[in-house]
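Asks: Attaching a predicted model along with its sequence, questions to come.
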Amino acid sequence: MSGITTRGQEAEIAQSDAILLEADYRDWIALLKPRVMTLVVFTGAIGLLVAPGHVHLVLGLTAILCIAVAAGACGAINMWYDRDIDAVMRRTQRRPIPAGRIDPASALGFGITLAAGAVIVMGLALNVAAAAVLTLSICFYVFVYTMWLKRRTPQNIVIGGAAGAFPPVIGWAAVTGSVDLVPLILFAIIFIWTPPHFWSLALWANDDYRRAGIPMLPVTNGAKETRRQIFLYTLVLVPLTLAPYAVGFSGVSYAVAAALLGLIFLQRVWAVLRDRQDAQGTSLTNDAPARAAFKYSIYYLFALFGALAVDRLLG
Amino acid sequence: MSAMVDQSGRKQDTEAQIGRRRRGRSWAFLIVLLALAALFYAITIVKMAHL
């Protein structure tokens, strides 16, 4: 039995099992992937806060709302497109579409409506540049990451990570009406942070990815190579986080915070690299270091961007 | 939230559950509409003040 057949059958079983259940408002909220939205909103808000210039509070909150809604729209469209693999993966099979509580066409319509609404409101309330970058981020996530890269290459989250790196650029553009070096540095930081973050997760969740046929790096190249790549990307990331200081955008307090946070991150991914493992690189410790590195990577990005905002606002 | 199981073994909501979910959706929709109206009003006022 081929993997595709199995996936199709499992999806069908999941659909028929629950097709008679009625969606409630929480299912529509779940379509927006609210947990993913948190980091997007936070980094978007930081881009808005650290940008030179001033924007009225109402307009600033509107920009953040548009970023959040657009991120949610991408989540809904992603769930529509990935409904077959979501039905197979343990982590995602209870989502509203594979569970049969929301039909795929409604989810797609919901996503497109929210995406269009977010772009239009951003353009009317803030400016065309912010709306254009928001549109670019939505298109990148939907067409480049979800539809093109995700199922085809282990580089999916490396290139696709760009989609999650747009929010500070959008926030910056909402205030200034333009994009220059600093938001591009913030973009680069999130872009380089994404692979070690996701691969730390993929190391211990790769059974799900394997079952769904997603070519995540641990599935295609093995755990050993994934550990090496996690460490190498973090080695590049830590000096890059000092770039805002190097270009004169931030003060010493940010540089010290970035260096300390980076050193802790390096220590965490070194533990992932040196985890007790068999010849194939499979962990003998239930991937405890990778779990810790994944968890820390989230705090790391929050703390790093938080430190930048504090430095700019107090400096 | 539990569901009944029909003769073919599939899960099925009771009428009360369906009604509760529909009411929940309607209230959520109303709140979103009111929030959007308030947001557009606030945006308009701010933009007009900066004309």
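Replies: Nice, thanks for sending it over. Model, not experiment: these values are computed from the prediction. Numbers count the residues shown, from 1 in each chain, chains lettered A, B, ... in the order given.
Asks: sec struct for residue B:48, please.
Replies: Secondary structure, DSSP: H, G, I helix; E, B strand; the rest coil: residue B:48 is helix.
Asks: what's the helix or strand for residue A:236?
Replies: Using DSSP states H and E, residue A:236 falls within helix A:222-240.
Asks: Return the residues in contact with the residue nearest to residue A:163 when sequence neighbours are not counted.
Replies: Computed as C-beta to C-beta, 6 or more residues apart in numbering or on different chains, the closest residue to residue A:163 that is not its neighbour in sequence is residue A:141, at 3.7 Å. Yep, even glycine has a C-beta here, placed from its N, CA and C like the rest. Residue A:141 is in contact with A:74, A:78, A:160, A:163-164, counting by C-beta atoms under 8 Å, 6 or more residues apart in numbering or on different chains.
Asks: How about residue A:170?
Replies: A:44, A:47, A:63, A:67, A:122, A:130, A:133-134, A:137 are the contacts of residue A:170 under C-beta under 8 Å, 6+ apart.
Asks: Let me have these in JSON lines, extended by pLDDT and secondary structure.
Replies: Below are these laid out as JSON lines (pLDDT from 0 to 100; DSSP: H, G, I helix; E, B strand; the rest coil):
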{"residue": "A:44", "pLDDT": "97", "secondary structure": "helix"}
{"residue": "A:47", "pLDDT": "97", "secondary structure": "helix"}
{"residue": "A:63", "pLDDT": "98", "secondary structure": "helix"}
{"residue": "A:67", "pLDDT": "97", "secondary structure": "helix"}
{"residue": "A:122", "pLDDT": "98", "secondary structure": "helix"}
{"residue": "A:130", "pLDDT": "98", "secondary structure": "helix"}
{"residue": "A:133", "pLDDT": "98", "secondary structure": "helix"}
{"residue": "A:134", "pLDDT": "98", "secondary structure": "helix"}
{"residue": "A:137", "pLDDT": "97", "secondary structure": "helix"}
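Asks: Flag whichever of the contacts of residue A:141 scores worst on pLDDT.
Replies: Taken together, these show their lowest pLDDT at residue A:160, with 83.
Asks: Just want the most central residue of chain A.
Replies: residue A:164 (4.6 Å; C-alpha atoms, centre = their mean).
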